[in-house]
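Novice: All I have is the shape, not the residue letters:
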């Protein structure tokens, strides 16, 4: 009876079916539906309250500034609200006065615009009708075709007038003539006149009054409301709740401040440009442009429409209209594509698609006010999704953070066999880290995910060849990339963040590239002076050879020649024919030892018999492997060095080469060495 060898593949594990939606997920869906319905049917109450809360975010820095001046809290809040009311009133009065002045000249502007429209119709549509008439004439007189028969006359004078239809014309004799009826409105009373002119103003005044009153109370009891929210939603996790509230307040404050600055600059540029062009009342159009720009997407279009009409009614020609259109066509892209990315940065945390979808959604819910409030409200939802586990889908759908981590992106691209996209991702990430850090933090972890899926039985073995080819092509394409630390963000010439690298990735400290100068090969002792002193042996896993190729490439970049040998070359039948000439160290790469290091112990025993004086380094890339933490198990396996990262493996080889160690000159390690701590 034959026994199974250690190299035989084990049967794939059974994959559990995906769990069905539980009551918690269904409850989340129900809550979302009920919330949307409540937002729609209670909009008359919720809109003023929402405006008041957002206004309190704007006025909170002013209140803090007044509090630093030793003013009482009540007085500071009242002064801040009165300041906001005064600014709104001042802007409204300026706009109203300017509009009233323009209304007196409205007939003149209307006649000038009408003349221009008539000129356009006579020039453009006249040419179109003339061209159409000529085509009809040419089609009616083609050669070889008889002329069309003339239409019969409408009436023959000799035969008399055409007979009239019964009931048409004057009524017959004896029939009563219709009595004309004139409807006149009754005289309006004073109450009707007051209701007619005052009722359209009562709604906005009522909303404004509610907003100001609620803002005052929110600012007065800001700390108390914060404590109540913590007590209501997060008393069991004060750290997470406090972090969520601080994150929401910080993002909203940055967003409002940045939006106010950008829109004010837009209004100043528009007003100054219209003043130079000669458009009447440039101040009012600058103020309206700044206000309209708070409305996403359609705001700049509305801001440009009225000045264009006024320019058309002011000057006799088209030069003023063209200059006004050019002003908006230049200013809006300059503000939107250059200044806004520089000012906003990642202060909002919203993706561009989510801004569009949010604008449509909130406009459907709350009308024009919802369009103005779409961005800040969506920002609150994103912050909520980042700190509440059940609402994480909001952050995934609406946030600007990458949906997949770099490791997941790497695995997905090599799984699809798309080496070009994997290379594009690698080049992006290499702008912020060394090649060693990229292999350790992204590539090896991606390969580990593939090994795990293969172990679970969800990755078909026929796709392994495509994964191996994709990784081999990626490693070959990165052969020209240097393994050095990139310049710090502040020392870059453009001081920018690499495209596709999130702020969270920027904040993560990356392990620096190995930096240990080597003497020339002629000055190294023994086999370290050979052309390829390091033998990179792949483990028995199907993807271990890819990890060995990465290690060999890194060693070569640091001045140590290395060659990759497949696992079959170290089998019992092939180990005697293994080429060991010029080998100073053997590095074995394992993505998975399956929790049982027996086969690794037997492999090391065969290598020791073949190369008794050559030290062996074992790289165990899976996290939390027992050999890396259990000293007794590490001694039983019998390797000289253990590492959990390519950085540690390269550093160990470089140190051994510098010291000129060979054979027994390399100190045996009684305890496993964690990654990065190899001597």
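Specialist: All right, it came through fine. In this text, all values refer to a predicted model and were calculated from it rather than measured experimentally.
Novice: remind me which residues of the stretch 551-679 of the chain are low pLDDT?
Specialist: For the stretch 551-679 of the chain, the stretches with pLDDT under 70 are 593-596, 622-627, 660-679.
Novice: Please enumerate the strands of it.
Specialist: Along the stretch 551-679 of the chain, counting by DSSP state E, counting those that start in this stretch, strands occupy 562-565, 585-590, 616-620, 641-643.
Novice: mind putting these in CSV, mean neighbour count and distance to residue 283 included?
Specialist: To be clear about C-beta, it is placed using only N, CA and C from the backbone, and glycine gets the same treatment. Shown next, in CSV, are the strands of the stretch 551-679 of the chain (neighbours: other C-beta atoms under 10 Å; distance: least, C-beta to C-beta, whole Å):
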stretch, mean neighbour count, distance to residue 283
strand 562-565, 20, 73
strand 585-590, 27, 71
strand 616-620, 26, 71
strand 641-643, 26, 70
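Novice: okay if I get those as JSON lines plus distance to residue 598?
Specialist: JSON lines is the format used below for the strands of the stretch 551-679 of the chain (distance: least, C-beta to C-beta, whole Å):
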{"stretch": "strand 562-565", "distance to residue 598": "22"}
{"stretch": "strand 585-590", "distance to residue 598": "13"}
{"stretch": "strand 616-620", "distance to residue 598": "14"}
{"stretch": "strand 641-643", "distance to residue 598": "16"}
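Novice: what separates residue 389 from residue 621, distance-wise?
Specialist: 30 Å (C-beta to C-beta, to the nearest Å).
Novice: neighbour count winner among the two?
Specialist: A count of neighbours by other C-beta atoms under 10 Å puts residue 621 above the other of residue 389 and residue 621, at 27 against 7.
Novice: residues touching that one, list them.
Specialist: Counting by C-beta atoms under 8 Å, 6 or more residues apart in numbering, residue 621 touches 444, 447, 448, 547, 589, 590, 591, 644, 645.
Novice: how about those, which pair is most distant?
Specialist: Pairwise distances among those were taken by C-beta to C-beta; the largest, 14.2 Å, belongs to 447 and 644.
Novice: what secondary structure does residue 385 sit in?
Specialist: Using DSSP: H, G, I helix; E, B strand; the rest coil, the structure places residue 385 in helix.
Novice: any idea how far it lies from residue 421?
Specialist: In terms of C-beta to C-beta, residue 385 sits 28 Å off from residue 421.
Novice: residue closest to the middle of the chain?
Specialist: The centroid of the chain falls nearest to residue 400 when counting by C-alpha atoms, centre = their mean (2.9 Å).
Novice: Does that residue touch residue 353 like I think?
Specialist: No: taking C-beta atoms under 8 Å as the definition, residue 400 is not a contact partner of residue 353, at 9.9 Å.
Novice: Wait, residue 597 touches residue 638, no?
Specialist: No: using C-beta under 8 Å, residue 597 is not in contact with residue 638; the gap is 9.9 Å.
Novice: So the two - more neighbours on which side?
Specialist: A side-by-side neighbour count of residue 597 and residue 638, using other C-beta under 10 Å, places residue 597 first with 24 against 17.
Novice: gap between that one and residue 574?
Specialist: Using C-beta to C-beta, one gets 21 Å for the distance from residue 597 to residue 574.
Novice: re the thing from before, which one of residue 385 and residue 421 is surrounded by more residues?
Specialist: Comparing residue 385 with residue 421 by neighbour count (other C-beta under 10 Å), the higher total belongs to residue 385, at 19 against 16.
Novice: my read: the more buried one touches residue 392, true?
Specialist: Yes: using C-beta under 8 Å, residue 385 is in contact with residue 392, at 5.5 Å.
Novice: now the helices: where do they sit in the stretch 501-650 of the chain?
Specialist: Secondary structure of the stretch 501-650 of the chain, counting by DSSP state H, counting those that start in this stretch: helices at 503-507, 544-557, 598-610, 626-629, 631-637, 646-658.
Novice: Of all the residues in the fifth one, which ones are buried?
Specialist: Buried positions in helix 631-637, judged by neighbour count with 16 or more other C-beta atoms under 10 Å: 634, 637.
Novice: ok, and the closest non-adjacent residue to residue 331?
Specialist: residue 269 (5.1 Å; C-beta to C-beta, 6 or more residues apart in numbering).
Novice: Give the helix, strand or coil label for that neighbour.
Specialist: Secondary structure assignment for residue 269 (three-state DSSP): helix.
Novice: Distance of it relative to residue 556?
Specialist: From residue 269 to residue 556 the distance is 56 Å (C-beta to C-beta).
Novice: What of residue 411?
Specialist: 26 Å.
Novice: who's more crowded, these two?
Specialist: residue 411 (23 against 16).
Novice: so where is the stretch 201-350 of the chain shaky, pLDDT-wise?
Specialist: Along the stretch 201-350 of the chain, segments meeting pLDDT under 70 span 201, 233-237, 239, 341-349.
Novice: 90 - rerun?
Specialist: Applying pLDDT under 90 to the stretch 201-350 of the chain picks out residues 201-267, 271, 274-275, 277-322, 324-325, 328-350.
Novice: Can you list the buried residues in stretch 609-618?
Specialist: Neighbour-count burial for stretch 609-618 flags 610, 611, 614, 615, 616, 617, 618 (criterion: 16+ other C-beta under 10 Å).
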